[in-house]
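# Task: produce atomic coordinates for the following.
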Amino acid sequence: MRRPLSGLERSEMKRTYPYYGAASLMDYVDDYIFDGVYGLLGEDGTVMDDNGYPTMQYVWGKFWVNNHAHIFQGKNGYSTEMVYLILKNTIVRNAVTGAVQLKINQENLRKLSVVVPCDDNLTELNTLIDKVFLSIRENRTEIQYLTNLKDILLAELSD
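Have a look, this model is predicted:
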């Protein structure tokens, strides 16, 4: 489902929905291909930091992702937030290929050894983690709303 859009294509669109790349929010576009809470992990280009930890983003709502990021959600009792934290704390250096352009393919990603909580604690941990990430989503949404409001009000002042 991930599809890249050129800068020219994006420039001709209404700027409504976030458009994510491997490492960051790149732009806004007039359509979306995902709706919900997801984790993104850089696939090529910016895939890890200097310590070998993956380049990741936690995203929600309606958005578009280009083909430079792996996209995931939790399953089998693991919330998306739990998977995000597990991967965020896993060194991925050994899964990275490419000398000029670094890349993490899905096959190597699936071979990573990760530390996971025991099943006895999974529900309790998911509940705690989900509360923290709900606060993150609410706070970031409020910040975006206030930023947009500020921009509108400043534009009105300058007119």
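# Now for the residue positioned nearest the centre of the chain, which secondary structure element holds it?
The chain has Q57 as the residue nearest its centroid, 2.8 Å off, counting by C-alpha atoms, centre = their mean. In this assignment (DSSP states H and E), Q57 forms part of strand 56-65.
# what separates that strand from the chain centre, distance-wise?
The chain centre lies 5 Å from the centre of strand 56-65; the measure is C-alpha atoms, centre = their mean, to the nearest Å.
# Start at 23, not 1
Sounds good: first residue 23 from here, last item strand 78-87.
# What's the first helix or strand after it?
Strand 78-87 is succeeded, C-terminally, by strand 91-94 (DSSP H and E).
# Report all helices and strands that the strand or helix carrying Y106 contacts.
Secondary structure from DSSP H and E places Y106 in helix 102-110. Contact here means 3 or more C-beta pairs under 8 Å, 6 or more residues apart in numbering; DSSP states H and E; on that basis helix 102-110 packs against strand 56-64, strand 78-87, helix 141-180. Bear in mind the C-beta positions are built from the backbone N, C-alpha and C, glycine included.
# circling back: mind listing the residues bridging to the residue nearest to the centre of the chain?
L62 (DSSP bridges).
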